[in-house]
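Asker: Take this sequence and fold it.
(one chain, ligands or ions: 1)
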Amino acid sequence: MDLKDMSVPLSFIQGVMERMEMILAAQAQKGQPLTWTESREGLLMRHIFSRLNAISKPNVGFRTAFVPQAYPPCTLPFSALTKIMLKDLRLETHHKGKYLILRCIVPSYRLINVMSIVEDECGDVIMLTLRHQDESRSWDEILGCGMILAVKEPYLRRMSDGTNGIIVDHVSNYKHISMKDNLTPDRWQERPPECYEKATTCNITGKELAKENMHFSAISSSYTEGLSRCPTEEELCTLKLNRSEAYFMTDHLESALLDIESVEKMSKPEDNLLLDKARVLYEMQKFREYCDTLKPLAVKDPKNEELRKKLQRGIDRLIEQERGRYKFSKLYDEVTMLRPPVLDHATYIGPVAVKSADHRGRGLFTTKEVKAGDLLLCEKALGLAFVDTSAPNYRGTLLVNAQQGTATIGGQVDLLTIMIQKLQKNPSLIPVISELHHGSYEPVGVSFVDDAPVVDTFLIEKVLSLNIFACPLTTRDCWFGSITKNDVRINKSNAKLGSCGLWKVASYINHSCNINAQRSFIGDMIIVRASRDLAPDTEVFTGYDMPSADGYDELQKKFQHYGFECDCAICQDYRDTDKETHIKRNRLIAAASEEIERLTRSKTAKAEAIVERLAACYTKPALEVPRLGLWDIQFQLAEKYSIYFKPEKIVEFGLKSLESLGYVIQGGEIPCESVTLKVIQWGLMMPLVLRCWALLSLSYHLVAPELEGQAKAYAKITYRVCIGEDETFDKAYRELLL
Ligand SMILES: C[S@@+](CC[C@H](N)C(=O)[O-])C[C@H]1O[C@@H](n2cnc3c(N)ncnc32)[C@H](O)[C@@H]1O
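Answerer: Numbering: from 1, shown residues only. Have a look, this model is predicted:
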């Protein structure tokens, strides 16, 4: 949210319009047989030039890709599909129930997607494009020369350069096959079976490949191959442990654990095996099992300092996970060092649970009473796309939807590939993602076929578009500078090109303009805190976008993408208020702003009178409906009085502005009748509320010193709500007061 719709009009992106028109025009040729307008040599030559270009200019301009209309991944096994040849293909057609066997005949290259030229058994050739491939995997490991692939339900498309090609949108719609695979045509099975290497030889080859960082090849063409060649028990253990290491290196954590556990069951596990197991468990964030695995080793070897540190690391994570206790300064330290800022911390899900939320679908609800500032959750992202536009090798990605005439830029595009890869490697996450809100998209409902996970690109795309959050590197740095400079909205709009992430539990939080919780970020951790005192079983709401006094229609437009219209008290009141009152309010807001700008030390009456008239335009109690236009103006006045050093006036308008946001505050007026300042009820949280409390505290220092500390304590709670933590409050507070 904040960014959800990162669509940009296409008209200003040079060259894209023509390519898009070409793609749309090709729709008219749907169903026509594939014809070759270019010789094999011509196609190869063009590919080689494009490859050279991709190698020599890897970081120039935007990378552009065109997305097709959604279609489901194949859910049938190869045994239920019919083999076809390239000449059987039809243009712009999804060949359901069919598969192709293709061999890569040139080295591949990558722009956004990995591309190469492939041939079929008849020797016909075509461009093959694999979307959403692992960025960390070398081109040659994905589409190396000589590799054989089986492509399920191929889609033949007109490419944006006017040629025809096969694009594989779903990573589960293809697989590499070995030369001895039953699917491999006889004529491509060059080596007779007796020449096949023994299990030990496969193991040696695997280790050599792993040394060259070719872990994917080591897994599939060596270790897995070796396991199929009647290994002895010892060879089997070695192959599995080596494969587990390669799985670990490539983030296939579930497979890495399975291999280790299968060896563990065979004999009394050695310490090294348990250490490897613990390492995988840690990465899987299974911290209880991690500690349980390491504890016996630490007991056996109490002087082993390294082991003690490892165990302590797990205990620290458990304290975070189970008690929600974080050393936030450590999180900030890591953020400065790690790129992407994926932090070494655990998820805490506090007193909240997912429940039905009427017309809003599901929502997140409190499970017990919480106070303003309390931690509801601190969650690690399932996936984070970190975009650093200032990095020297920054290269934007543009995903063009020709049908809708829009393009998506930035993190959201990268996140799609990150999530697809994550699910393919760790399939137990597939149901977690499929359960997230996906609007009217119909998932295929099949999780595995041919022993491989079914990963639906278009489902994930939909889930991301409805659930991701834009995230600054840290909210403290992003917002805090803004709060002191009083230009909050400028920074927020910059999020458009930026980083974003997907969080499992936070995704269930529905929107309200009248929020009762606030989210913030440190690296890939989202922190959600209550911004009001909440009774048990209260639905938690954050704002997908910030409401403003006059932005009602624009705000509702932003929600169209999510398929709802906000019916919170603020929006309802906006709709119920007659046009004349809106016009009057806007006129008075403009007049008050102007007058406050002109205000001098001695000439204050006119501005105050306008603010008074503005206040009279609101009839519903601020407790029920926060008065956004009025709060802004009253706060501006308090700020102006701070320039003229009028503490009584700052207090008067500071308190009034908070009341306009629905705060009920007892005992803060000047002259002071009580030594206690108490927030009886918290109102709408806005970032500038923090500055308001700081101004109040500063003013009390001069006119009611006994209230200074109490106002500062409320500033601290506000800081905790908005920034996510209060460890850095004291330093920030000093800056706030400057
Ligand atoms: C991030 S999801 C929130 C969780 C979602 N309600 C669910 O059932 O999984 C966003 C979707 O929730 C729904 N939603 C969020 N806030 C809403 C609101 N104030 N009114 C109606 N629907 C809302 C919309 O369908 C929106 O696309």
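
Asker: Buried residues, stretch 439-447. List them.
Answerer: Residues 441, 443-444 are the ones in stretch 439-447 that count as buried (16 or more other CB atoms under 10 Å). Heads up, the C-betas are built off the backbone N, CA and C, glycines and all.

Asker: Let me see the contact set for whichever residue of the stretch 301-450 of the chain sits closest to the ligand.
Answerer: Proximity of the stretch 301-450 of the chain to the ligand (CB to the nearest ligand atom) peaks at Gly361, 2.7 Å away. Gly361 is in contact with 437, 510, counting by CB atoms under 8 Å, 6 or more residues apart in numbering.

Asker: Leu111 too?
Answerer: Applying CB under 8 Å, 6+ apart, the residues near Leu111 are 54, 63, 65.

Asker: Run through the helices of the stretch 201-350 of the chain in chain order.
Answerer: 215-217, 224-227, 233-249, 253-266, 271-283, 287-300, 305-323, 328-337 (DSSP state H, counting those that start in this stretch).

Asker: Check those helices for me and report the most buried one.
Answerer: Most buried of these, by mean neighbour count (mean count of other CB atoms under 10 Å): helix 215-217, with a mean of 23.

Asker: Quick one: list the elements packing against that one.
Answerer: helix 233-249 (3 or more CB pairs under 8 Å, 6 or more residues apart in numbering; DSSP states H and E).

Asker: Distance from the helix it packs on to the middle of the chain?
Answerer: 33 Å (CA atoms, centre = their mean, to the nearest Å).

Asker: per-residue pLDDT, Arg279?
Answerer: We have a pLDDT of 98 for Arg279.

Asker: how near is the nearest residue to it once chain neighbours are set aside to the ligand?
Answerer: Closest residue to Arg279 apart from its sequence neighbours, by CB to CB, 6 or more residues apart in numbering: Phe248 at 7.1 Å. Noted for Phe248: a distance of 32 Å to the ligand, by CB to the nearest ligand atom, to the nearest Å.

Asker: Around the ligand, pick out the residues from the chain.
Answerer: 359-363, 437, 466-467, 507-508, 510-512, 562-564, 566 (CB under 6 Å from any ligand atom).

Asker: any idea which element Glu18 lies in?
Answerer: helix 16-26 (DSSP states H and E).

Asker: What is that helix packed up against?
Answerer: Using 3+ CB pairs under 8 Å, 6+ apart: helix 16-26 touches strand 63-67, strand 155-158, strand 397-401.

Asker: can we see that at 7 Å?
Answerer: strand 155-158 (3 or more CB pairs under 7 Å, 6 or more residues apart in numbering; DSSP states H and E).

Asker: Adjacent strands (with direction) for the strand it packs on?
Answerer: strand 93-94 (antiparallel), strand 164-168 (antiparallel) (DSSP bridges).

Asker: ok, and what's touching it?
Answerer: 22-23, 26, 34, 68, 89-94, 164-167, 169 (CB atoms under 7 Å, 6 or more residues apart in numbering).

Asker: Please check those and keep the buried ones.
Answerer: 22-23, 26, 34, 68, 89, 91-94, 164-167, 169.

Asker: Now flag whichever of those residues is closest to Val114.
Answerer: Here the nearest of the buried ones among the contacts of strand 155-158 to Val114, counting by CB to CB, is Ile167; it sits at 11.1 Å.

Asker: SS state for the residue of the stretch 51-200 of the chain found nearest the ligand?
Answerer: Closest to the ligand within the stretch 51-200 of the chain is Ala70: 17.2 Å, counting by CB to the nearest ligand atom. Following DSSP: H, G, I helix; E, B strand; the rest coil, Ala70 is assigned to coil.

Asker: What separation do you get for the closest residue to it other than its chain neighbours and Lys300?
Answerer: Among residues not flanking Ala70 along the chain, Phe458 sits closest, at 3.7 Å (CB to CB, 6+ apart). Counting by CB to CB, to the nearest Å, the gap between Phe458 and Lys300 amounts to 51 Å.

Asker: Likewise for Ser79?
Answerer: Taking CB to CB, one finds Ser79 at 50 Å from Lys300.

Asker: For Val454, see how far away Thr75 is.
Answerer: For Thr75, the distance to Val454 - CB to CB - is 6 Å.

Asker: Next: Pro443.
Answerer: Taking CB to CB, one finds Pro443 at 10 Å from Val454.

Asker: Can you pull up the most central residue in this protein?
Answerer: Gly501 (1.3 Å; CA atoms, centre = their mean).

Asker: secondary structure class for that residue?
Answerer: strand.

Asker: when you give positions from now on, start the count at 652
Answerer: Fine by me, first position is 652 from now on; the one you just mentioned is Gly1152.

Asker: wouldn't it be in contact with Phe1120 here?
Answerer: Yes: between Gly1152 and Phe1120 there is a contact under CB atoms under 7 Å: 6.3 Å.

Asker: Per-residue pLDDT of Pro843, please?
Answerer: Predicted confidence (pLDDT) for Pro843: 51.

Asker: quick revisit: export the strands paired with strand 806-809 to JSON lines and tack on distance to Glu971 and mean pLDDT?
Answerer: Compiled in JSON lines, these are given as follows (distance: least, CB to CB, whole Å; pLDDT from 0 to 100):
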{"stretch": "strand 744-745", "distance to Glu971": "46", "mean pLDDT": "92"}
{"stretch": "strand 815-819", "distance to Glu971": "40", "mean pLDDT": "94"}
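
Asker: neighbouring contacts of stretch 1369-1387?
Answerer: Outside stretch 1369-1387, the residues touching it (CB under 7 Å, 6+ apart) are 979-980, 1023-1024, 1126-1127, 1130-1131, 1135, 1169, 1171, 1173, 1178, 1180, 1182, 1336, 1338, 1340-1342, 1344-1345, 1366-1367.

Asker: hmm, 8 Å instead?
Answerer: 977-980, 982-983, 1023-1024, 1029, 1126-1127, 1130-1131, 1134-1135, 1169, 1171-1173, 1178, 1180-1182, 1336, 1338, 1340-1342, 1344-1345, 1363, 1366-1368.

Asker: And for stretch 1096-1112?
Answerer: Taking CB under 8 Å, 6+ apart as the rule, stretch 1096-1112 contacts 718, 721-729, 782-783, 820-823, 826, 1067, 1070-1071, 1074-1075, 1078, 1081-1082, 1084-1085, 1089, 1092, 1094-1095.

Asker: residue contacts, Leu948?
Answerer: 922, 925-926, 955, 958.

Asker: okay if I get those as a markdown table plus pLDDT?
Answerer: Formatted as a markdown table, those follow (pLDDT from 0 to 100):
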| residue | pLDDT |
| --- | --- |
| Asp922 | 93 |
| Leu925 | 97 |
| Leu926 | 97 |
| Asn955 | 96 |
| Leu958 | 97 |
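
Asker: nearest to Asp775, of those?
Answerer: Using CB to CB as the measure, the one of those that approaches Asp775 most closely is Leu926, at 51.9 Å.

Asker: In contact with the closest one, which residues?
Answerer: Contacts of Leu926 (CB under 8 Å, 6+ apart): 945, 948.

Asker: How much space separates it from the ligand?
Answerer: Applying CB to the nearest ligand atom to Leu926 and the ligand gives a distance of 40 Å.

Asker: if we can go back for a sec, now a PyMOL select for only the buried ones of the contacts of stretch 1369-1387.
Answerer: Burial among those is assessed by 16+ other CB under 10 Å; the matching PyMOL selection reads:
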select buried, resi 977+979+982+983+1023+1024+1029+1126+1127+1130+1131+1134+1135+1169+1171+1172+1173+1178+1180+1181+1182+1336+1338+1340+1341+1342+1344+1345+1363+1366+1367+1368
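
Asker: taking the contacts of stretch 1369-1387 one by one, which sit in strands?
Answerer: Taking DSSP state E as the definition of strands, those contribute 1029, 1169, 1171-1173, 1178, 1180-1181.

Asker: biggest separation within those residues, which pair?
Answerer: Ile1173 and Ala1181 (18.2 Å).

Asker: neighbours of Pro1002, just the number please.
Answerer: The number of residues packed near Pro1002 is 18, by other CB atoms under 10 Å.

Asker: quick one: contacts for it?
Answerer: Here Pro1002 is in contact with 1017-1019, 1021, 1025, 1027 (criterion: CB under 8 Å, 6+ apart).
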